[in-house]
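> Could you look at this predicted model? Sequence included:
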Amino acid sequence: MYAKFWKRFLDVTLSFLAMLVLSPLLLLLTLAGAIAMRGNPFFFQPRPGKKGKDGKEKIFYLVKLRSMSNKRDENGELLPDDQRLGRYGAFLRSTSLDELVSLVNILAGDLSIVGPRPQLVRDMVFMTEEQRRRHDVRPGLTGLAQVNGRNNITWEQKFAYDLQYIDRGITFWGDLKIILQTVGKVLKRSDTVREGTVSDMDFGDWLRMEGKVTEGEYAEKQAQARELLGV
């Protein structure tokens, strides 16, 4: 009953109330972002969501506050992440404030407060059918993987936690525990970035680095992701 009805009811109610209460902060961050990024403070990125009746993942646009600038080199190529991530962006990421505007995605029905964290489309195409069971439910702003290491665990561990969240049964008390643990992680600013990297590594890149996919398989999957995105 909770997973089928009350979970969505609480998602909408709590997200709406949070947006009302946090509206002054959201306005301040939007203005600060427009100044820091010298333009649009918002970042939209396609992510795979819950599977539809056809068994395929719905692609939606996750909205966040931009944490990296669009600075480019003399050839017009984007600079490395560490050169585009300034103090403002680092602050947003360490406090997870960049994800506050994702409350809009919850109201729209693309996200839940708690669920498997939505990954990139180019990550999804590398997942096994078993791992893609994580898309049987609506993705979440936070989840079991986020409170058990976030970016300091391997991709395979992340997916194992996602499936554990689904298979052990989705309950109110289980979601509440994850929310409280998430608040603790945010306050401590822990597990925000994998050690030795500026941002989390793509799943396909991680598989290639670990020798789990061949160069041919890697190229084929990347092409599949581009086809899904229409680019």
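That came through, no problem. Residues are numbered from 1 along each chain as shown.

> just the helices in the protein please.
With helices called from DSSP state H, the chain shows them at 7-21, 23-36, 81-84, 87-95, 103-108, 121-124, 155-167, 172-188, 203-209, 215-229.

> Include mean neighbour count and mean pLDDT when you put those into JSON lines, please.
Glycine gets a C-beta too; all of them are placed from N, C-alpha and C. Output for those, formatted as JSON lines (neighbours: other CB atoms under 10 Å; pLDDT from 0 to 100):
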{"stretch": "helix 7-21", "mean neighbour count": "14", "mean pLDDT": "96"}
{"stretch": "helix 23-36", "mean neighbour count": "14", "mean pLDDT": "93"}
{"stretch": "helix 81-84", "mean neighbour count": "14", "mean pLDDT": "78"}
{"stretch": "helix 87-95", "mean neighbour count": "17", "mean pLDDT": "86"}
{"stretch": "helix 103-108", "mean neighbour count": "18", "mean pLDDT": "96"}
{"stretch": "helix 121-124", "mean neighbour count": "21", "mean pLDDT": "95"}
{"stretch": "helix 155-167", "mean neighbour count": "18", "mean pLDDT": "94"}
{"stretch": "helix 172-188", "mean neighbour count": "15", "mean pLDDT": "90"}
{"stretch": "helix 203-209", "mean neighbour count": "18", "mean pLDDT": "91"}
{"stretch": "helix 215-229", "mean neighbour count": "14", "mean pLDDT": "95"}
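
> Tell me which of these sits nearest to residue 115.
helix 155-167 (7.3 Å; CB to CB).

> Summarise which helices and strands that closest one is packed against.
Where contact means 3 or more CB pairs under 8 Å, 6 or more residues apart in numbering; DSSP states H and E, helix 155-167 is packed against helix 203-209.
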